[in-house]
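Undergrad: Okay, here's the prediction I keep looking at, along with the sequence it came from:
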Amino acid sequence: MRVIYGEKETDWDSGSAGGAGSWAVLGKAPGRAPPGWRNEQMDMQRTARETLKAFCRAWYEQRNVELAAALSVRDVEIVNPGGFGLVHGVGGMTRRIGEAVQNIQEPFVCIFSEFCEQTLAEGVCSLTVELTLYNSRAVIHRSVFAVLALDGGEWRVKSLIVARSGKDGGQKEREAGLSWLERELAEANEELQDIINAIPGGVAIYKVSDRFETVYFSDGVPELSGYTPEEYRELAKGDAANMTYWEDTAEVVTRALEVIRTKGLDTMEFRKQHRDGHIVWVRAQVKWIGEEDGFPLLHCVFHNITDLKEARQEMEHLVNSIPGGIASY
C-alpha cells in the first residue's frame, strides 16, 4: 500500500501469484492463480470502485484476460456496443476480451473521472464512470456503466456496459475490412488530429508527482521550441517544468499546483526558449482531468503568442516615444 496526495491506494493489479483465496471463488484450483493476481483481502477490503478500476486496467492497460475474469462473477454479462456485442459468463468474456486484446498493439492508459456510485441492495451497487483511454496513437472516450456484487467477501463485476461517450460525438464510421478496435482508433485519431490542426501550438498531458512527467504530447508542442517529435521525446523524459524559461518556471509550477489543488482550470502566459536561442511566448490553458495511479493529471493546450507579444511591445515603444505621450478624455 502506498499513500499518495493523502489518499490510500492499493496496488490491486500487481504482486505475486500466490494468493489463491479469491481465485478459488471462481472454481479454479488453489495455488493456480494467473500471473499478476494477488489476494489482498488480508491487507484491505477492496472497494467496488477499486474493483471496477482494476477490471478496466486489466483489460485495456495490462491486457490480462485472466485477471479480468478473476475480478468478475461467474455469470458476468458484458455489453460492448459497436465492439464484440453481448457476452455472458466468465468463459464467454474470457474468449471475447481475449480476442479483443490481441488487437491492442499498444496498451492504453486509463483515466477515470466523474464517478457516480449508488447502493442498490445489501452487497450490490451500481457505478458509472467516464473512462478516457490514450496511447501514442489515439485518445478514446467511453462511458462505463457497471453493477458490482459482493462475492466470497470481495466486490466483483456482475454486469458491465462500455458505451460510446458523448465526448466522441454521435456517429460511428463503418469501414469495411477494419476490426472494431481499428475503426475506433481511426475515428479517434481523425478527431484528435482535427483538434490539433486547429491549435497554433499543441496539446500535452502531464502526470504530476515530484516532477511534471510528459505522458502525451502532440507534434505542435515540440514545434514551439524548434525540436522534432523524436528529439522532444528524449527531452520529455525529464521534468517538463524545466522546459519553461528559467525566470518563469517557479510561477508556472505554483499556478499548476493550484490547478491541482482546486481541480480547476487556469490560463497563464510564460516564456520558452527556442533551440536557436530566441524567446517564444506561450499562452497555456491548464486543466485538471483526473488521476493516474494516484497522481494528478493535467491537460494543457498551448498557443504561440509571440507575434502578439511583440506587436504589443512595439506599440508600447511607439507610444512612449511620442513627446508628451497620449491621453484620452
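TA: Thanks, I have it.

Undergrad: Mind telling me what element G91 is part of?
TA: Per DSSP states H and E, G91 falls inside helix 89-101.

Undergrad: For that helix, buried residues please.
TA: Neighbour-count burial for helix 89-101, counted by 16 or more other CB atoms under 10 Å, picks out 90, 93-94, 96-97, 100-101. No exception for glycine: its C-beta is placed from N, CA and C like everyone else's.

Undergrad: With distance to T244 as new columns, can the residues you listed be given to me in JSON lines?
TA: Output for the buried residues of helix 89-101, formatted as JSON lines (distance: CB to CB, whole Å):
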{"residue": "V90", "distance to T244": "50"}
{"residue": "M93", "distance to T244": "47"}
{"residue": "T94", "distance to T244": "48"}
{"residue": "R96", "distance to T244": "47"}
{"residue": "I97", "distance to T244": "42"}
{"residue": "A100", "distance to T244": "41"}
{"residue": "V101", "distance to T244": "39"}
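
Undergrad: Just give me the least confident of those.
TA: Within the set of the buried residues of helix 89-101, pLDDT is lowest for V101 (72).

Undergrad: Got phi/psi on G226?
TA: Backbone geometry at G226, expressed as degrees, to the nearest 10, gives phi 90, psi 20.

Undergrad: And for I205?
TA: According to degrees, to the nearest 10, I205 has phi -120, psi 130.

Undergrad: Kindly report the same for I260.
TA: According to degrees, to the nearest 10, I260 has phi -60, psi -40.

Undergrad: That one: how many residues sit nearby?
TA: Per other CB atoms under 10 Å, the neighbour tally for I260 reads 17.

Undergrad: residue contacts, it?
TA: Neighbour list for I260: 208, 288, 296, 298 [criterion: CB atoms under 8 Å, 6 or more residues apart in numbering].

Undergrad: Return the closest of those residues with respect to G202.
TA: The closest of the contacts of I260 to G202 turns out to be L298 (CB to CB; 14.2 Å).

Undergrad: hang on, the earlier thing: show me what the helix holding G91 packs onto, helices and strands only.
TA: Helix 89-101 sits against helix 48-60, helix 65-70, strand 72-80, strand 85-88, with contacts defined as 3 or more CB pairs under 8 Å, 6 or more residues apart in numbering; DSSP states H and E.
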